[in-house]
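Engineer: Got a predicted structure plus its sequence, pasted below:
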Amino acid sequence: MSKETKSPQNKLVNGYEVVIGFETHTQLTTQSKIFSRAPTAFGAEPNTQACAVDLALPGALPVMNKGAVTRAIEFGLAVNAHIAEKSIFARKNYFYPDLPKGYQISQFEIPVVQGGVVEFFLDGEGKSVRLVRAHLEEDAGKSLHEDFVGMSGIDLNRAGTPLLEIVTEPDLRSSAEAVAYAKELHKIVTWIGICDGNMQEGSFRCDANVSVRKPGAPLGTRREIKNLNSFKFMQQAMDYEVRWQIGELEEGRAIEQATVLFDPDTGETRSMRSKEDAADYRYFPDPDLPPLVIGRDWVERVRSEMSELPRVMAARFVADYGLSEYDAGQLTQSKAMAAYFEACAQASGEPKLSANWILGELSAALKTADVGIENAHVGPMQLASIITAMKNGLLASSGAKVVFKEFWAAGRQQFDDLIAAFAALERVVSEKNLGLMSDSGELETIIDNVLAANAKNVEQVRAGNAKAFNALVGQAMKATQGKANPAQVNELLKKKLA
């Protein structure tokens, strides 16, 4: 990573600027491996999904998986990158027990995807990270230590699994920015379907290159934190590494380039080995693989078959539904959430209220239940019926929340249309006596009692104090247990205080 962004407003940590770049290995969703027909399914018995090519048996030759290339093109289009018409595979030489050939087939000088930008929000502020490249490569196998005493086992099921390694410029300036970038990248690759995003199974693995420097100084020596497989541990690891590097520099010690691992039990990073540079891998073109040639017709065909991208959909939500950019970004975190919002907004005719409920009450319920929105106990038509009832003056906000909780507690129920969902809502409203007060005489009596009990607020209102009027509205709504129509309460209070 040779370039850097100028960011004069970056926050400093003890007088140091944090500089972070990311390398992310995304496992592609092909059914077979990148250079063989062996399957890629997770969880099989060790060494049952490795063929002659994966095992590097003499005479076995690699053959490119077209599906892996198509997925690389999709990613390039999603981040507005350049798709190379001709790219080359190289041999990356290193010697690990779980690397059968003694080298990894990757791309070096001419990757398939070049450049690109990932945009995201952090605390409501728009940010962007430039990508250097995204290149195709094969995964290595896995060393197993837990089940053996005094030795290690080798599982080559992963050997040859197709990866797209996505590399950023060192544009990130805090662990919070880095995690927000990683989440956005995760959203993109899962949205377009090139990766399942399962971090626990190793489908989305992040390496963070972390360094610190005094403002205006050259880039510091970086240390690479390997295989961060959760967003929580990602931030903890980078925060610890930043504190450690600053401590070393303050004590007058130099930072040595290294590869480190994060231990979630101790919350610390520890050095694994000295960090290799490109020259250490002795890259050279793989003689068994011809150049990868991608015609413009292939790129355009992939473009035409891609679904609406999250950033495009978010812009449409702003233009068509009048949402803020932040809300639109939140609602396009996944295809399932975006589809839920559109169904609810169109059925209720209230896009802003729909967004508020989805990002508020619904998201809180999903978090508590630890389920995704595709498994929400309240479907979009049910939520639309609640919003419609509020809009038509049949439910106050307090009653609407009760109906939502009743719907949720009843378990997953889906309705194909608003009419059926509204019928279910009316049953709950009737059973729980949640409807708005219809007796104007009863409401007027309640308001008279509120005014009598709050003489001081009445005086303040007549003296021009708007806050005192709002306090009276609140008292009246409390006295009606939230069943009064707020507009009617306002009207009666103004009439009586005139």
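Structural biologist: Looks like it came in fine.
Engineer: quick one: the helices in the stretch 251-400 of the chain?
Structural biologist: 296-305, 310-321, 325-331, 335-348, 351-357, 363-369, 380-391, 397-409 (DSSP state H, counting those that start in this stretch).
Engineer: ok now do Ala81, which residues does it touch?
Structural biologist: By C-beta atoms under 8 Å, 6 or more residues apart in numbering, the contact set of Ala81 is 75, 113-116, 131, 134. Quick note: C-beta positions are derived from backbone N, CA and C, even for glycine.
Engineer: mind checking how far it is from Gly115?
Structural biologist: 5 Å (C-beta to C-beta, to the nearest Å).
Engineer: what's the overlap in contacts for these two?
Structural biologist: Leu131.
Engineer: In three-state terms, label Ile166 for me.
Structural biologist: With DSSP: H, G, I helix; E, B strand; the rest coil as the basis, Ile166 sits in strand.
Engineer: List the contacts of it.
Structural biologist: 22-24, 26, 75, 131, 133-134, 185.
Engineer: low pLDDT regions in the stretch 201-350 of the chain?
Structural biologist: Scanning the stretch 201-350 of the chain for pLDDT under 70 picks out 273, 275-279.
Engineer: how about the strands of it, start to end?
Structural biologist: All strands of the stretch 201-350 of the chain, identified by DSSP state E, counting those that start in this stretch, fall at 204-213, 223-228, 258-263, 268-274, 284-285, 292-293.
Engineer: circling back to that earlier point, nearest to Ala396, of the contacts of Ala81?
Structural biologist: The shortest gap between Ala396 and any of the contacts of Ala81 belongs to Phe75, at 47.8 Å (C-beta to C-beta).
Engineer: right, and the helix or strand after the helix or strand containing that closest one?
Structural biologist: Using DSSP states H and E, Phe75 sits within helix 66-78. Past helix 66-78, further along toward the C-terminus, the next helix or strand under DSSP H and E is strand 82-83.
Engineer: helices and strands around whatever helix or strand comes next after that next one, which ones?
Structural biologist: Toward the C-terminal end, the helix or strand that comes next after strand 82-83 (DSSP H and E) is strand 86-87. Under the contact criterion of 3 or more C-beta pairs under 8 Å, 6 or more residues apart in numbering; DSSP states H and E, strand 86-87 touches strand 292-293.
Engineer: from what I can see His25 touches Cys195, true?
Structural biologist: No - contact criterion C-beta atoms under 8 Å: His25 and Cys195 do not qualify, at 9.7 Å.
Engineer: quick one: which of those two has more around it?
Structural biologist: Shown here are His25 and Cys195; by other C-beta atoms under 10 Å, Cys195 has more neighbours (24 against 19).
Engineer: how close does the more buried one get to Ala369?
Structural biologist: 26 Å.
Engineer: Need the winner for burial among the helices of the stretch 251-400 of the chain.
Structural biologist: helix 380-391 (a mean of 24; mean count of other C-beta atoms under 10 Å).
Engineer: Kindly calculate the angle that it makes with helix 397-409.
Structural biologist: Put simply, helix 380-391 runs at 160 degrees to helix 397-409, going by axes from the mean of the first three to the mean of the last three C-alpha atoms, to 10 degrees.
Engineer: thinking again about what came up before, ranking the strands of the stretch 201-350 of the chain by burial, who's on top?
Structural biologist: strand 204-213 (a mean of 22).
Engineer: In its sheet, which strands sit next to it, and in what direction?
Structural biologist: Sheet pairing here is set by DSSP bridges, and for strand 204-213 it gives strand 16-27 (antiparallel), strand 223-228 (antiparallel).
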